[in-house]
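# Sequence first, then the predicted structure, then my questions.
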Amino acid sequence: MPRIMTYNVHRCVGVDRKLDVERIAAVIADSEPDIVCLQELDVGRARTQGVDQAHAIAKRLEMTFHFHPAMRVEEELYGDAVLTHLPERLVHAASLPGITGVPGNEPRGALWVEVDVGGLQLQVLNTHLGLVPREQRLQAAALVGREWLGHPDCRDPVMLVGDFNATSVTRPYARVASRLRDAQKTPAVPRTVPTFPSGFPVLRIDHCFISPSVRITGVQAPFSPLARMASDHLPLVIDFELDQSGAASPG
């Protein structure tokens, strides 16, 4: 049964303020996911010792990866990645709309990778929305628009995951949920799973949204001592099956 993980790794700096890429890789490896969607990765940044975190984690997990820099400062990059050991191809990676004039506001982006899961082409979209509600609304609107979920090639089965910085009572969440189902509001999930903050999770801001041919069989947020320490988010792990009768065939 395939498994996908979405995980905000907080540039691999844990709640103990220690930089430890290997610790993040170990948390991921413990869950044995087939597809991994990561947010807040540093690549070549001085603040995290110049490490290409996307490459280092993918190498440790023996996966291929695609990285999209939502923010670029000369040679220093910061953004999101999709990793998998399954056959895949990059479809699209781009920035999302933002707003100006907010101190400390960071650019945001999204990454779309097609993954072959048992002969079916699963469209996996990974994103990290901003912190300002008005910005989140713009970004959610973009995600359901023609460049992403509304694109002709973004056919069922589809999974949109990431750190939305928004709970289920917000307008950005509602905008996406009008297009795809929340994976945690399905019969296989008796109660929703919060992921933030990692030490005492009370907020559900990391989400997985699914198209009709994706059937959820389980959702969890690993709560091991390692996971609670490695990042300020817990990983969200989703087990699923693809309905071959409803899913789009390759090509």
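Arrived safely. Nothing here was measured: the structure is a model prediction, and the numbers come from that model.
# Quick check: pLDDT value at residue 251.
You'll see residue 251 listed with a pLDDT of 34.
# burial measure for the closest residue to residue 215 other than its chain neighbours, as a count.
Once flanking residues are discounted, residue 215 sits nearest to residue 241: 4.7 Å by C-beta to C-beta, 6 or more residues apart in numbering. In this view, the C-beta of every residue, glycine as well, is placed from N, C-alpha and C. Residue 241: 16 surrounding residues under other C-beta atoms under 10 Å.
# For residue 241, grab phi and psi.
Residue 241 adopts backbone torsions of phi -130, psi 160, taken as degrees, to the nearest 10.
# tell me the contacts of it?
Counting by C-beta atoms under 8 Å, 6 or more residues apart in numbering, residue 241 touches 1-2, 214-215, 217.
# Using neighbour counts, pick out the buried residues of stretch 237-245.
For stretch 237-245, the neighbour count (16 or more other C-beta atoms under 10 Å) marks 237-242 as buried.
# what does stretch 185-193 contact?
Counting by C-beta under 8 Å, 6+ apart, 168, 183-184, 201, 204, 210, 215-221, 236 sit against stretch 185-193.
# among those residues, which are in strands?
Of the contacts of stretch 185-193, the ones assigned to strands by DSSP state E are 210, 215-220, 236.
# Just the buried residues from those, in ChimeraX please.
The ChimeraX command for the buried members of those (criterion: 16+ other C-beta under 10 Å) is given here:
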select :210,215,216,219,220,236
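# got the contacts of residue 241 as CSV, with distance to residue 70 columns?
Below are those laid out as CSV (distance: C-beta to C-beta, whole Å):
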residue, distance to residue 70
1, 31
2, 27
214, 26
215, 31
217, 32
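# Kindly indicate which of the residues you listed lies nearest residue 91.
residue 214 (17.4 Å; C-beta to C-beta).
# List the contacts of the nearest residue to the closest one once chain neighbours are set aside.
In space, and not counting its chain neighbours, residue 214 is closest to residue 157: 5.0 Å by C-beta to C-beta, 6+ apart. By C-beta under 8 Å, 6+ apart, the contact set of residue 157 is 117, 120-123, 210-211, 213-214, 242-243, 247-248.
# how about 7 Å then?
120, 122-123, 211, 213-214, 242, 247 (C-beta atoms under 7 Å, 6 or more residues apart in numbering).
# Would you agree residue 64 is in contact with residue 87?
No: in terms of C-beta atoms under 7 Å, residue 64 does not count as a neighbour of residue 87; the distance is 9.0 Å.
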